[in-house]
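# Next comes the sequence, and after it the predicted model I'd like to discuss.
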Amino acid sequence: MCPGPTFDRIYVALKGQLASGVHAPGEHLEPAAIGEALFASITPVRDALHRLAGERIVEAPRHDGFRVPSPTEAELRDLYRWNCQLLELALVRPASPARDEPARDAASLFRLVARLSGSRELERAVDNSSDRLGSMRAVEPDVLPETDAELDRLLDCYRHCDWRALKSSVRAYHRRRERAVEFGRARLRVTWDGRMQASIDAPVALFFGAGTLYNRDGREFLVKAFPVHIRYDAERVHLACYFPMPFFRRAKIEVVGPDEAEVADVKWSVRHQPLGAPPSHVGYFHATYRDHVQPARGQDLVLLDTRQAEGGGDWSGAFVGTSFIFTDRANLATLEGDPRFYFDDSQSPQAYGTGTEEWGGGGDYWGGLNMTLPFAGHPVGARNAAEAKDDEDKIHSAYRFLLGDLMPFGKNARITLEHGGENESDEHYRTVSYWYGTPAASLVKADTLQIGDTASPREGACLWFDERRNGARDAG
């Protein structure tokens with residue numbers, strides 16, 4: 001058999017699979033399995049993969065076979081920007097009118113736009129950037145509303161040879177995707193009463209209860225908890241938080257993009273009312289974020305230590321919950337770790353969980369399913385890596401809120417979590433701890449009683465209770 005036709009067939013088939021999202025970003029490509037599926041020997045498959053690697057459509061890391069690229073957010077943003085710049089260049093002086101009716105997808109339309117330039121080099125560059133964006137475009141309808149209407153506007157401009165409008169629409173198309181990538185990295189930052197450090201500084205998605213805004217199955221509510229919501233409609237994603245957040249003079253609320261960049265096209269509203277409670281009866285609301293990039297073996301993850309929060313020192317308040325990512329590789333085995341809760345200098349935990357998924361309101365790893373309940377949930381993540389649509393779909397997170405059963409403290413709080421059953425997991429955890437706190441101790445040591453020392457009570461005042469009078473007497 002002539003190897004040429006077989007190679008071409010495999011190359012075209014693989015390229016089509018990658019463009020349509022059959023293989024998820026980060027997925028390893030096994031030549032033997034591909035050859036079996038495409039009825040070919042391993043040699044033409046490897047040759048096709050090497051050619052695709054040269055075109056940067058797949059990656060071939062040294063000693064690690066072939067895999068689908070999994071661009072970082074910055075790399076993906078650059079790729080969208082590069083694709084836009086190429087198309088704008090093609091529309092500077094269109095050399096020929098539009099003759100062909102494009103297929104109803106962005107890649108086909110953009111290839112015809114590149115042809116308007118009359119430059120074969122520009123056509124090849126647009127072809128390559130479209131091929132490299134193929135797997136991303138396959139999931140865009142899952143995360144961006146009204147992509148069909150957006151494509152209709154582009155096609156209408158092309159059919160009417162309205163190049164100025166098409167250039168503007170192309171720019172809007174790519175800028176929208178850049179913003180979507182940026183918003184995934186945006187942080188919510190809130191500072192109360194001009195304090196030196198923000199009391200809330202956390203990734204937007206995780207603050208509102210989910211490890212990612214990726215909505216794998218098009219649910220209306222990604223999170224429908226009592227204090228937070230993440231809701232989708234045809235045009236936008238709506239995020240709401242109903243935790244009371246008292247302050248006394250002023251509040252500064254920011255949504256900050258990567259590298260402190262402005263995040264565009266965000267609509268917001270804040271409900272407020274005068275504070276009726278005495279200042280001593282309330283505390284600032286906090287959402288403390290921790291990024292546990294490399295968990296230390298044998299040591300709990302520290303989700304919150306108020307002694308180090310916002311400059312450190314003593315705090316009085318209450319712990320009211322967590323939202324946390326526990327894997328970005330769809331590895332649910334890491335859930336064997338237990339949460340532990342230490343308050344007011346305690347050397348042993350006053351509360352001790354029986355497993356991470358139980359803390360998140362489930363058992364048996366939630367059966368791998370997603371759920372969202374008023375006070376606990378597992379809103380995102382595919383059942384396993386094989387079922388994940390892309391890397392975002394491998395991110396698993398959970399939440400747990402404590403309102404009627406909040407955990408008070410009078411001096412400090414330390415919340416920890418085992419990573420794996422014996423603190424052996426190397427999964428990348430990211431956590432947000434919700435708490436209320438006033439920067440002062442309310443549990444203050446005023447006296448010491450040494451049991452068995454007859455002189456001890458005379459060193460200070462102590463109280464004893466008379467059950468008959470239901471009162472207390474000074475025994476000092």
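Happy to help now that I have it. Predicted model, so just to flag it, every value in this text is computed and none were measured.

# now the strands: where do they sit in the stretch 101-250 of the chain?
187-192, 200-203, 221-224, 228-232, 237-241 (DSSP state E, counting those that start in this stretch).

# In this protein, spot the strand with the most residues.
strand 316-327 (DSSP state E).

# so what strands line up beside whichever helix or strand comes after that one?
For strand 316-327, the succeeding helix or strand toward the C-terminus, using DSSP states H and E, is strand 339-343. Strands that pair with strand 339-343, judged by DSSP bridges, come out as strand 351-352 (antiparallel), strand 413-417 (antiparallel).

# Quick one: closest of those strands to Tyr173.
strand 413-417 (42.0 Å; Cβ to Cβ). For glycine as for every other residue, the C-beta is placed from the backbone atoms N, C-alpha and C.

# average pLDDT for that closest one?
Mean pLDDT, strand 413-417: 98.

# what do you get for stretch 106-126?
Stretch 106-126 comes out at a mean pLDDT of 90.

# In TSV, list the strands of the stretch 101-250 of the chain along with mean neighbour count and distance to Phe401.
Rendered in TSV, the data for those read as follows (neighbours: other Cβ atoms under 10 Å; distance: least, Cβ to Cβ, whole Å):
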stretch	mean neighbour count	distance to Phe401
strand 187-192	20	17
strand 200-203	22	15
strand 221-224	20	11
strand 228-232	19	8
strand 237-241	17	11
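
# Ala398 is nearest to which of those?
So among the strands of the stretch 101-250 of the chain, strand 221-224 is nearest, using Cβ to Cβ, at 10.8 Å.

# The closest one - which strands sit beside it in the sheet, and in what orientation?
In the sheet, strand 221-224 lines up with strand 228-232 (antiparallel) (DSSP bridges).

# residues making contact with the partner strand?
For strand 228-232, contacts defined as Cβ atoms under 8 Å, 6 or more residues apart in numbering pick out 145, 205, 207-210, 213, 215, 218-224, 237-243, 379, 399.

# Keeping just the C-alphas, turn that strand into CSV.
Listed next in CSV are the C-alpha coordinates belonging to strand 228-232 (Å, rounded to 0.1, in the frame of the first residue of the first chain):
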residue,chain,number,x,y,z
VAL,A,228,-24.6,32.9,47.1
HIS,A,229,-25.9,32.3,43.5
ILE,A,230,-24.4,31.7,40.1
ARG,A,231,-27.2,31.9,37.5
TYR,A,232,-27.1,31.8,33.7
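
# Centre of the chain to it, how far?
14 Å (Cα atoms, centre = their mean, to the nearest Å).

# just stretch 163-174 next, same as before
30 Å.

# cool, and stretch 105-122?
With Cα atoms, centre = their mean, you get 35 Å for stretch 105-122.

# buried stuff in that stretch?
Judged by neighbour count using 16 or more other Cβ atoms under 10 Å, the buried positions of stretch 105-122 are 106-107, 109-117, 122.

# Ok, stretch 320-338 next?
For stretch 320-338, by 16+ other Cβ under 10 Å, it's 320-332, 334-338.

# what sits against the nearest residue to Arg414 once chain neighbours are set aside?
The spatial neighbour of Arg414 that comes closest, neighbours along the chain excluded (Cβ to Cβ, 6 or more residues apart in numbering), is Tyr342 at 4.2 Å. Contacts for Tyr342 were tallied using Cβ under 8 Å, 6+ apart; they are 348-350, 413-416.

# which helices and strands does the longest strand of the chain pack with?
helix 204-207, strand 301-305, strand 396-401, strand 407-409, strand 413-417, strand 429-438 (3 or more Cβ pairs under 8 Å, 6 or more residues apart in numbering; DSSP states H and E).

# re the thing from before, where does the residue nearest to Arg414 land on pLDDT?
Listed pLDDT for Tyr342 reads 98.

# try His23
His23 is assigned 82 on the pLDDT scale.

# Could you do the one 4 residues further on as well?
The per-residue pLDDT reported for Glu27 equals 82.

# Can you report how many residues neighbour the nearest residue to it once chain neighbours are set aside?
Computed as Cβ to Cβ, 6+ apart, the closest residue to Glu27 that is not its neighbour in sequence is Val68, at 4.8 Å. Residues near Val68, counting by other Cβ atoms under 10 Å, number 23.

# Let me have the strands of the stretch 101-250 of the chain in a markdown table, extended by distance to Phe247 and mean pLDDT.
As requested, the strands of the stretch 101-250 of the chain are arranged in a markdown table below (distance: least, Cβ to Cβ, whole Å; pLDDT from 0 to 100):
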| stretch | distance to Phe247 | mean pLDDT |
| --- | --- | --- |
| strand 187-192 | 5 | 96 |
| strand 200-203 | 12 | 96 |
| strand 221-224 | 25 | 96 |
| strand 228-232 | 19 | 92 |
| strand 237-241 | 15 | 93 |
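
# I'd like to know which of those is closest to Trp163.
Per Cβ to Cβ, nearest to Trp163 of these: strand 237-241, 32.9 Å.

# Against which helices or strands is that closest one packed?
For strand 237-241, the packing partners by 3+ Cβ pairs under 8 Å, 6+ apart come out as strand 228-232.

# okay, now the domains of this protein?
Structural domains annotated on the chain: 3-67, 73-183, 191-438, 446-476, as defined by automatic domain parsing.

# Now do the last one, average pLDDT.
Across domain 446-476, the average pLDDT comes to 59.

# and stretch 292-306, C-alpha only, in PDB?
C-alpha atoms of stretch 292-306 as PDB (Å, rounded to 0.1, in the frame of the first residue of the first chain):
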ATOM      1  CA  HIS A 292      -2.000  25.800  47.900                       C
ATOM      2  CA  VAL A 293       0.200  25.300  44.900                       C
ATOM      3  CA  GLN A 294       2.400  22.600  46.400                       C
ATOM      4  CA  PRO A 295       0.900  21.000  49.500                       C
ATOM      5  CA  ALA A 296       3.500  19.800  52.000                       C
ATOM      6  CA  ARG A 297       3.500  16.100  52.600                       C
ATOM      7  CA  GLY A 298       2.500  15.200  56.200                       C
ATOM      8  CA  GLN A 299       1.100  18.700  56.900                       C
ATOM      9  CA  ASP A 300      -2.500  19.900  56.800                       C
ATOM     10  CA  LEU A 301      -3.400  22.700  54.400                       C
ATOM     11  CA  VAL A 302      -4.100  25.900  56.400                       C
ATOM     12  CA  LEU A 303      -7.300  27.400  55.000                       C
ATOM     13  CA  LEU A 304      -7.500  30.100  57.600                       C
ATOM     14  CA  ASP A 305      -5.300  31.400  60.500                       C
ATOM     15  CA  THR A 306      -6.700  34.700  61.700                       C
END
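
# ok, residues contacting it?
With Cβ under 8 Å, 6+ apart, stretch 292-306 has contacts from 288, 290, 315, 317, 319, 322, 324, 340, 409, 412-419, 422-431, 433, 435, 437.

# now swap in stretch 8-19 and tell me
Outside stretch 8-19, the residues that reach it (Cβ under 8 Å, 6+ apart) are 23, 34-35, 38, 40, 44-45, 47-49, 51-52, 57-58, 68, 107, 131, 134-135, 137-138.
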